[in-house]
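In: Here is the input, now give the coordinates:
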Amino acid sequence: MRERECGANPYRWDGVSGVIADAPVDTVLAGSDGRYYTGWQVNRRFRTGDWTHCLRQRNPDRRLVETATGALLLLQPVDPDRLPGWVEIRVLGETARVVDTRRTASVSTRR
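Out: Prediction:
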């Protein structure tokens, strides 16, 4: 079902509700890019203009967004109990973000 055109104003996500390790995270979304996002991360990308809402399907709940590079990204809610072991939710104050623990911080070898 088509709800809005690309470029429409961002809106709040109301997807999956659940708690991950007692963290105040109400939505976790799987992206077609293989990454996972919290509702906070998605809303932030809309507010900053990094993503633009394109389409929404209600049953099953899926949303299509356009990224800053012009790529399309499909997002759909995921049950927090079904997240891969490498997904970690980090919460700081009112923010919650997904961290891929498989990735390591790059270390500069320059002196």
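In: so where is the chain shaky, pLDDT-wise?
Out: The model of the chain has pLDDT under 70 over residues 1-25, 104-111.
In: quick one: the helices in it?
Out: Counting by DSSP state H, the chain has these helices, from start to end: 39-48.
In: where do the strands sit along it?
Out: Ranges of strands within the chain are 28-31, 36-38, 51-58, 61-67, 72-77, 87-92, 95-100, based on DSSP state E.
In: Give me the spatial nearest neighbour of the spatially most central residue of the chain, chain neighbours excluded.
Out: Taking Cα atoms, centre = their mean as the criterion, residue 37 is the residue nearest the geometric centre of the chain, at 2.5 Å. The shortest distance from residue 37 to any non-neighbouring residue, by Cβ to Cβ, 6 or more residues apart in numbering, is to residue 29 (4.9 Å). Using the backbone N, CA and C atoms, a C-beta is placed for each residue, glycine as well.
In: surely the one you found meets residue 79?
Out: No - look at residue 29 against residue 79 with Cβ atoms under 8 Å: they stay out of range, at 11.3 Å.
In: Looking at the two, which is more packed in?
Out: Of the pair residue 29 and residue 79, residue 29 is the one with more neighbours under other Cβ atoms under 10 Å, namely 24 against 10.
In: how close does that one get to residue 77?
Out: To residue 77, residue 29 is 6 Å away according to Cβ to Cβ, to the nearest Å.
In: Tell me who's in contact with residue 88.
Out: 98-101 (Cβ atoms under 8 Å, 6 or more residues apart in numbering).
In: beta partners of it?
Out: Under DSSP bridges, the beta-bridge partners of residue 88 are residue 99.
In: Kindly report the same for residue 28.
Out: residue 38.
In: Now for residue 85, how many residues are close by?
Out: For residue 85, using other Cβ under 10 Å, the count is 7.
In: cool, residue 95 as well?
Out: Counted with other Cβ under 10 Å, residue 95 comes out at 12.
In: Quick check: the gap between it and residue 31.
Out: The gap separating residue 95 from residue 31 is 18 Å, by Cβ to Cβ.
In: what do you get for residue 57?
Out: From residue 57 to residue 31 the distance is 15 Å (Cβ to Cβ).
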